[in-house]
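Participant: Build me a model from this:
(one chain, ligands or ions: 3)
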Amino acid sequence: MHRNAPTEDIDESALHVTPPKQQAAGVTAVGVALGRAVADMGVVRTARSLARVNQVHGFDCPGCAWPEPSGHRRPAEFCENGAKAVAEEATLNTVGPEFFATHSIADLAGKTGYWLGRQGRLTEPMVLRPGDTHYSPISWSDAYRLIAEQLRALDSPDEAVFYTSGRTANETAFLYQLLVRSFGTNNLPDCSNMCHESSGAALTASIGIGKGSVSIDDFAAADLILVAGQNPGTNHPRMLSALADAKASGARIVAINPLPETGLINFRDPQTVKGLTSGVPIADDFLQIRLGGDMALFQGLAKLLFEAEDRAPGTVIDRSFVDTCTAGFSEYEQHIRAVDMNVVAEATGLHSDQLEHTARLLAESKNIIVCWAMGLTQQAHGVATIEEITNLLLARGMIGKPGAGVCPVRGHSNVQGDRTMGIWEQMPEAFLAALDAEFGITSPRKHGFDTVAAIRAMRDGHAKVFFGMGGNFVSATPDTEVTEAALRNCALTVQVSTKLNRSHVVHGATALILPTLGRTDLDVQNGVKQRVSVEDSMSMVHLSTGRLKPVSKQLRSEVAIVCELAAELFGSQHPVPWNDFRNDYDLIRDAIAKVVPGCADYNTRVRHRNGFVLPHPPRDAREFHTATGKANFAVNELVWTPTPPGRLILQTLRSHDQYNTTVYGLDDRYRGVRGGRKVVLVNADDIAEFGFADGDLVDVVSEWTDGVARRVEGFRLVAYPTPRGNAAAYYPETNPLVPLDHVAARSNTPVSKAITIRLERSEL
Ligand SMILES: Nc1nc2c(c(=O)[nH]1)N[C@H]1C(S)=C(S)[C@@H](COP(=O)(O)OP(=O)(O)OC[C@H]3O[C@@H](n4cnc5c(=O)[nH]c(N)nc54)[C@H](O)[C@@H]3O)O[C@H]1N2
Ligand SMILES: Nc1nc2c(c(=O)[nH]1)N[C@H]1C(S)=C(S)[C@@H](COP(=O)(O)OP(=O)(O)OC[C@H]3O[C@@H](n4cnc5c(=O)[nH]c(N)nc54)[C@H](O)[C@@H]3O)O[C@H]1N2
Ligand SMILES: [Mo]
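Facilitator: Ligands and ions are numbered 1, 2, ... in the order given. Reported below is the predicted structural model:
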């Protein structure tokens, strides 16, 4: 059924640009949200779904991982972009066998991701066998048999790769990693490898746990909140309500970003009547930093703090915290005191007044929270940058007390939970030992492939089966040409998906699409309604219950798919009770309680009104489970991202009308870009210096040490208030420019926010 699925693809010549918006959210946001929802799923489904988002007995919004407030929940605890995420999933448009009979793979491969995704929900398992030009239907049992045969035919379990995207619920994630480890590999790359891996690496080294230390209530108690490398107005809109509340109770907010992102500059809270008409400027201060300059910024600020301490000893550095709870302070102090403020000025592009003003705020505030997202993690020195943030907070004693701490703001709604449940190519020994003891299996100990390593392995023929539990691997990963070739090199690619995407049309010799239930869908197993659970960005675990009638009887839950595949792969003698798990998700939660740290009594506690919070030793007790038993100061040599002559440094980011590789529409409303996506935002003075004009069509060519000129063609230049030497363009259209080997030190995260480019006049 196609109610409003587009037949035409994007026409980039229809693109038009207006000046960036001064205000975010408000009436327009509510209108856009409801309009999209009604168009995609009709009035009844809209009412039934949007009223249930993030409510105690409802479903967890499939949008972002921002937590729900613990006390009073507003009747509509969602945002414009959450509504779009729900509408995208709950759409009544469908893509079934007739669709695939009409559209060949070659035809579909010529479409944009926008067109593919907007066609609707997948309804039946489909197969593409060697030589086929079209997908055709396959039964679930034949599909499982095909996968099991191909897996058993491998020379080693390490020739298979099992990817996870962060929407997968805890129950699925736990069983999926159990299947993969029972099969005999740790090849469990996930979207987190491209996302907050740098945060996990830094925080684990510094404070002994890779998760944020604040809860939503801490926002109200903070008097200074730094938001660095994050665009919450688009990607975590409900965070703006928390920031507005914090501001109302006296907090000062500092935005650190190369772009003046509208949501941070002025926000109209659509959750309040007043906010529908009048806005508040969220950020008190805006530090318009150069791309990749944050490590310099935080080292420079630390130096200014030491100088303030010299002027008024005992007032800035929290000596008693430093002495009792931390290690490595004197080395850190020595290193920071030697930082050259001229380098800081050059790296950040910030004026010394701005630095001194911010340092004063940091010195004088009693409770400080620092939030960050992809602007910091997807940098070559992202891990070190986040360590510098932690250093600074440790020096001020700002961890493990109310109103203060580190706040990496996660992306996918359950990306943090998936990691807790064991989706990681390098889970610690204690977890594997507990898993083995519970199930009588022997998990492999050799670390598996992360995302970048998995691409290399497929490219080089070392991995031959790709299994995707959600996500859109081909479009989300870097170096599109290399990645597409890697996937095409596989014997089998399997995608468990809700919607059509490019990973279905760039495939291995044999390919399968397994259609699954989403967060909003009713899940009944064995005659009983099932619920799943998720963990938000602040370690709160709670239930999620879908209620909408699935668009097809053929859809299976992710849990069912994992269990049924495992039963086929391992046979009936396997020690894991796969059938029982499929029939009753409570049994999965009982197993989680026995294996996963902090999850004791999971079934009971997850049914509490707001769920339960997982332990976080630094937050709870100022305990630090690191090698030194203390919080560690890190010493990092200062690096930054200079712009080579005649070049620009490009960041790839999200528009207001997309969810990662899912493009909802073509309106990046706040930035004033509408009707198309092939734009590159460049400072007007750089455009002039390069001899171009605003609106010119250019090819963007990236430069990397391997000498390969990666190129995307026909992008429109848009004069935009980004710092000189910096540029911005949308992901995933510009992923072909990100070199596979350009990764962050220690997290192996692709550097999607600092690509050296040059512009060439387009021949198009
Ligand atoms: N509606 C919607 N919601 C989403 C998503 C979505 O696509 N759509 N994606 C989800 C996911 S998986 C994630 S990870 C999050 C992503 O949330 P964000 O991290 O907010 O996403 P990006 O669009 O990548 O924006 C990066 C921001 O960092 C800034 N930035 C870039 N480089 C630097 C730098 O060097 N220094 C500083 N200080 N700033 C920099 C950019 O200007 C931009 O404002 O959102 C989640 N929520
Ligand atoms: N250049 C560049 N690249 C980036 C980034 C960037 O900023 N710049 N950001 C990176 C980040 S932060 C992330 S998290 C990754 C995202 O990488 P992914 O998580 O792989 O990508 P998504 O676009 O979120 O995946 C969308 C697809 O997931 C499927 N899906 C949706 N809901 C469900 C569900 O409930 N179950 C199942 N099984 N499938 C579902 C749909 O078929 C949909 O097409 O991309 C990364 N790539
Ligand atoms: Mo992400």
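
Participant: Now do the contacts for the residue in the stretch 401-550 of the chain that ligand 1 sits nearest to.
Facilitator: Per Cβ to the nearest ligand atom, the residue of the stretch 401-550 of the chain with the smallest distance to ligand 1 is residue 411, at 2.4 Å. Glycine gets a C-beta too; all of them are placed from N, C-alpha and C. Applying Cβ atoms under 8 Å, 6 or more residues apart in numbering, we find residue 411 in contact with 64-65, 166, 191, 195-196, 235, 373-374, 660.

Participant: As CSV, those residues with neighbour count and pLDDT would be great.
Facilitator: Output for those, formatted as CSV (neighbours: other Cβ atoms under 10 Å; pLDDT from 0 to 100):
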residue, neighbour count, pLDDT
64, 27, 82
65, 24, 86
166, 26, 97
191, 27, 98
195, 26, 98
196, 36, 98
235, 24, 95
373, 26, 98
374, 26, 98
660, 21, 98
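
Participant: Can you give me every residue that contacts the closest residue to residue 556 other than its chain neighbours?
Facilitator: Excluding its sequence neighbours, the residue lying closest to residue 556 (Cβ to Cβ, 6 or more residues apart in numbering) is residue 516, at 6.2 Å. Residues in contact with residue 516 (Cβ under 8 Å, 6+ apart) are 470, 496-498, 555-558, 561.

Participant: Can you add neighbour count and distance to residue 158 and give those residues back as a markdown table?
Facilitator: A markdown table is the format used below for those (neighbours: other Cβ atoms under 10 Å; distance: Cβ to Cβ, whole Å):
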| residue | neighbour count | distance to residue 158 |
| --- | --- | --- |
| 470 | 23 | 22 |
| 496 | 26 | 21 |
| 497 | 22 | 25 |
| 498 | 26 | 29 |
| 555 | 22 | 32 |
| 556 | 22 | 28 |
| 557 | 24 | 28 |
| 558 | 25 | 24 |
| 561 | 26 | 22 |
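
Participant: ok, so of those residues, who is nearest ligand 3?
Facilitator: residue 470 (12.7 Å; Cβ to the ion).

Participant: ok, that closest one touching residue 168?
Facilitator: Yes. Using Cβ atoms under 8 Å, residue 470 makes contact with residue 168 at a distance of 5.6 Å.

Participant: Tell me how many other residues surround residue 252.
Facilitator: 18 (other Cβ atoms under 10 Å).

Participant: shouldn't it be in contact with residue 224?
Facilitator: Yes. Residue 252 lies in contact with residue 224 (Cβ under 8 Å); the separation is 5.2 Å.

Participant: if I look at those two, which residues touch both of them?
Facilitator: Contacts common to residue 252 and residue 224, judged by Cβ under 8 Å, 6+ apart, are 361, 365.

Participant: Please identify the residues of the chain in proximity to ligand 3?
Facilitator: Neighbours of ligand 3 within the chain, by Cβ under 5 Å from the ion: 195, 411.

Participant: Break the chain into its domains for me.
Facilitator: 21-90, 95-193+414-610, 197-409, 648-761 (the TED database).

Participant: Relative to residue 14, which of those domains is closest?
Facilitator: Closest to residue 14 of the domains of the chain is domain 648-761 (Cβ to Cβ; 4.3 Å).

Participant: Residue of this structure nearest ligand 2, please.
Facilitator: For the chain and ligand 2, the shortest gap (Cβ to the nearest ligand atom) falls at residue 471, measuring 2.6 Å.

Participant: secondary structure class for that residue?
Facilitator: Classification of residue 471 by DSSP: H, G, I helix; E, B strand; the rest coil places it in coil.

Participant: Any figure for the gap between it and residue 53?
Facilitator: Computed as Cβ to Cβ, to the nearest Å, the residue 471 to residue 53 distance reads 22 Å.

Participant: Mutual contacts of residue 470 and residue 168, please.
Facilitator: Common neighbours of residue 470 and residue 168 (Cβ under 8 Å, 6+ apart) are residue 558.
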